[in-house]
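need a 3D model of the sequence below.
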Amino acid sequence: MIETILMKKFSTWKLSLLFSFFSYSAVLFFIIVIDVFGRRDFDPVEVGLITGGYMGIVVTMLAVGFIIFRKKLNSRV
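Alright, predicted model coming up:
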């Protein structure tokens, strides 16, 4: 049901970038879980640094992908 609502609202390449963002967020969750259980301690500063660095890279790369896809698709028209 949510897929049909999203497909009506976004084009396929924007929807792909959105699902990629959620997939990368799931990977970040597992990285944090492995780090916390490996150290046997939750350090909010360390988790914040991991999250900030990882999501900074992911958002930057998704923004680059968004710009490239938009330019390539607009040049075809």
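
can you pull the poorly scored residue ranges out of this protein?
For the chain, residues meeting the criterion pLDDT under 70 lie at 1-7, 10, 76-77.

scan it for its longest helix.
helix 44-76 (DSSP state H).

what is that one packed up against?
Judged by 3 or more CB pairs under 8 Å, 6 or more residues apart in numbering; DSSP states H and E, helix 44-76 is in contact with helix 12-39. Where you see a C-beta, it was placed from the backbone N, CA and C, and this is true even at glycine.

who are the packing partners of the helix it packs on?
Contacts defined by 3+ CB pairs under 8 Å, 6+ apart place helix 12-39 against helix 2-9, helix 44-76.

for Asn60, give its distance to Val45.
Asn isn't right for residue 60; it's Thr. Relative to Val45, Thr60 is positioned 22 Å away (CB to CB, to the nearest Å).

go on, Lys9?
The gap separating Lys9 from Val45 is 38 Å, by CB to CB.

can you count the residues close to the residue nearest to Leu73 when sequence neighbours are not counted?
Among residues not flanking Leu73 along the chain, Trp13 sits closest, at 7.0 Å (CB to CB, 6 or more residues apart in numbering). Per other CB atoms under 10 Å, the neighbour tally for Trp13 reads 14.

isn't Trp13 right up against Phe69?
Yes. Assessed by CB atoms under 8 Å, Trp13 is found in contact with Phe69 at 4.8 Å.

spit out the residues that contact the two alike.
Common neighbours of Trp13 and Phe69, using CB atoms under 8 Å, 6 or more residues apart in numbering, do not exist here.

if we can go back for a sec, pick the most buried one from the helices and strands packed on helix 12-39.
Stretch with highest mean neighbour count among the helices and strands packed on helix 12-39: helix 44-76 (a mean of 11; mean count of other CB atoms under 10 Å).

quick check: angle from that one to helix 12-39?
For helix 44-76 against helix 12-39, the angle between stretch directions is 160 degrees (axes from the mean of the first three to the mean of the last three CA atoms, to 10 degrees).

what separates helix 44-76 from the chain centre, distance-wise?
Computed by CA atoms, centre = their mean, to the nearest Å, the chain-centroid distance of helix 44-76 equals 7 Å.
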